[in-house]
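S.K.: Have a look at this prediction, sequence included:
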Amino acid sequence: MKDFLRLLFIAILSFVIVGVAIAYTRDSDVLTRLTSAVDTSDLPSLKFSKPAPDPVESGSGTEIWIARPNVDQWVGLAGFPDSAELRFALPSGVKLSSGTLKIALDSQLSEDGDGRVTVSLDGIRRGEVVLDPGRSRHEIEIALREDDLLSDALIVTLEGRGTTSGGQICPADATNSGAAITLSADSGLSLFTDDPIDTRAVRIATMADPARMAFGSDTESQALAIWARQDLARKGMAVRFATDDKAPDLVMAQSAGSSLTLDAAGRIVVAAANGTDALRAARMSGTAAPAPRAWPITVDQLNAETLLKNFRGSRRWTVPYSLADLPDGLMPRRFAIDLKTSTLAPGNEWVVRVSLNGHLLETRRFDGQGDTISLSVALPADIQALSNAVLLELIDTSPNESICRVGPDAQAQLLPTSRLTPQGAQPSEGWPQMVRALADDKIIGLNVMTPLSQGAGRTAASVLGAFLPVESEVVFGTEAEEASARIELTTVAALKSALRLAGAFSADTQTIWLVVPNQDVDPTLIALSDPRTSGLIEHLDDDAAVMLIDR
């Protein structure tokens, strides 16, 4: 009897197992009805503890906000793969108690796209975010460590990987052009200090960005402010003239007890001699490289990117330079290019294209089996301006083997040994000759002859920064009258009045040149004795600023 019951139990159990298996494999709702009949709330469950993310410390004390570099320019990732590097300067002389890196990304991916962005601090991965198709915004907060706060600068690297094809059909453009990730302008560093706010170091660190500078109402104050604004801008620090309803952070002085002092109102007094250098060093420690002092000039001195990067299809570098920032005011005439590249499959080639200010200069092919590329390109004088940019493009011509296969990433680096050289004939007229002549004078006097409006002062600072040699010593007031070369700022109305009396000083105008702003291109440079001068200024606004160069 026991054996019969045992066989019966085995038969029933087998029937249940086979029935459940058939119901499951046939996608029947039998299994659903069976499981729904069971109350799972009473079943035991295992709970696993999840490691909590590192908390972002809530700051206390005085906050110092460091906006992302180049806030007025687009910064981000274009296509996949791509990367971008940011250098945040930490204020010097301030003891920081805590800080947070705040990254805001506005991404646009095609509907079939997907990808991720990795955030690294000083080469160490500290954050990662997955990108959604379409338009989306991602905000990342990374608490800074103690060793992060002790350095002069924080290097933040963004690396993007992904695709815009949904893994179905490979795009014809292997660079995945259906992706753009913008680093939002509200990204930056939020730092906190317990230092007293009325100290000079904290005052400098907590200034508005851009900082506000007093413009002044007398001519000597305006000359100092105009010079300081263009000098700081060329060193990477944005400054604006304070409006009537805003108290200025900075006040320029011809001489002071030290380079930087605090006045009774808590404003930072900047001495004309070495004061702007001290201010930049305190506000932006270790960010801007000093101006080149000797030829040849390597690309790293011009803030060109020299990091190794992965790419598909093509890779571009921009090398910017201004004539007034180069030694002796000389114009570069050749660009020697050194590239380090990965090797391509046999039979494939690299194509290198070089252009200057939108003009194609040269295109060459190189064997893809080599790991270095070197070429020297002439830089024509007639297409160079006061401000220039050389665009270098490296193209991988390797074909895709089929429409559904994207080639491997290539790698390339613009070596820091790439350089500009001045060998060749220098122009004998126009702005190149004037910049070179002013650089030879060494000491230049700067005066404001007629009080200017703030708008005219902004224009004057922009124009002055375009041609004033960076190595020149600029003097003001009575010293400016004794300088061998002088730059006088005045209004169009005052210049017109002076030209009406041209007969009284026509003999003195042979060495005077007129500088007139010309929107976004180089300002107009014309001899004051030129008959076309009167017609040039005839239709200008009477309050507009113009300059006279007397040397």
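M.R.: Alright, I've got the coordinates.
S.K.: list the buried ones in stretch 92-107?
M.R.: V94, L96, S97, S98, G99, T100, L101, K102, I103, A104, L105, S107 (16 or more other CB atoms under 10 Å). Quick note: C-beta positions are derived from backbone N, CA and C, even for glycine.
S.K.: What average pLDDT does it get?
M.R.: When pLDDT is averaged along stretch 92-107, the result is 90.
S.K.: try stretch 157-168
M.R.: Averaging pLDDT along stretch 157-168 yields 72.
S.K.: Stretch 434-454 now?
M.R.: 94.
S.K.: Now do the buried residues in that stretch.
M.R.: Of the residues in stretch 434-454, 434-436, 438-439, 441, 444-448, 450-452 count as buried by neighbour count, 16+ other CB under 10 Å.
S.K.: so how far is stretch 266-278 from its chain's centroid?
M.R.: Offset of stretch 266-278 from its chain centre (CA atoms, centre = their mean, to the nearest Å): 25 Å.
S.K.: Pull up the distance across it, start to finish.
M.R.: Terminal residues of stretch 266-278 lie 18 Å apart, using CA to CA, to the nearest Å.
S.K.: Look at I66 and tell me its secondary structure.
M.R.: strand (DSSP: H, G, I helix; E, B strand; the rest coil).
S.K.: need the contact list for the closest residue to it other than its chain neighbours.
M.R.: Nearest in space to I66, with sequence neighbours left out and distances taken as CB to CB, 6 or more residues apart in numbering, is L189 at 4.0 Å. By CB atoms under 8 Å, 6 or more residues apart in numbering, the contact list for L189 reads I64, W65, I66, F88, L90, G99, T100, L101, K102, L144, L154.
S.K.: in the helix or strand in which the fourth one is found, what counts as buried?
M.R.: F88 belongs to strand 82-89 when assigned by DSSP states H and E. Residues of strand 82-89 classed as buried: D82, S83, A84, L86, F88, A89 (neighbour count, 16+ other CB under 10 Å).
S.K.: Neighbouring strands of it in the sheet, and parallel or not?
M.R.: Strand partners for strand 82-89, identified by DSSP bridges, are recorded as strand 153-163 (antiparallel).
S.K.: Excluding residues flanking it in the chain, which one is nearest T118?
M.R.: Excluding the flanking residues, the one nearest T118 by CB to CB, 6+ apart is E159, at 4.6 Å.
S.K.: what do you get for L344?
M.R.: Nearest non-adjacent residue to L344, counting by CB to CB, 6+ apart: G368, 2.9 Å away.
S.K.: For A336, name its beta-bridge partners.
M.R.: S376, R419.
S.K.: Counting neighbours, what do you get for it?
M.R.: 16 (other CB atoms under 10 Å).
S.K.: Only C-alpha atoms, please: export stretch 349-363 in CSV.
M.R.: The C-alpha trace of stretch 349-363 is given here as CSV (Å, rounded to 0.1, in the frame of the first residue of the first chain):
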residue,chain,number,x,y,z
GLU,A,349,46.9,57.8,-45.8
TRP,A,350,46.6,60.9,-43.6
VAL,A,351,45.6,64.2,-45.2
VAL,A,352,46.8,67.4,-43.5
ARG,A,353,45.1,70.8,-44.3
VAL,A,354,46.4,74.1,-43.0
SER,A,355,44.4,77.4,-43.3
LEU,A,356,45.0,80.9,-42.0
ASN,A,357,42.1,83.3,-41.2
GLY,A,358,39.8,81.3,-43.5
HIS,A,359,42.3,81.0,-46.4
LEU,A,360,43.5,77.5,-47.3
LEU,A,361,47.3,77.5,-47.4
GLU,A,362,48.3,73.9,-48.0
THR,A,363,47.0,70.3,-48.3
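S.K.: For it, the averaged confidence score.
M.R.: Per-residue pLDDT over stretch 349-363 has a mean of 97.
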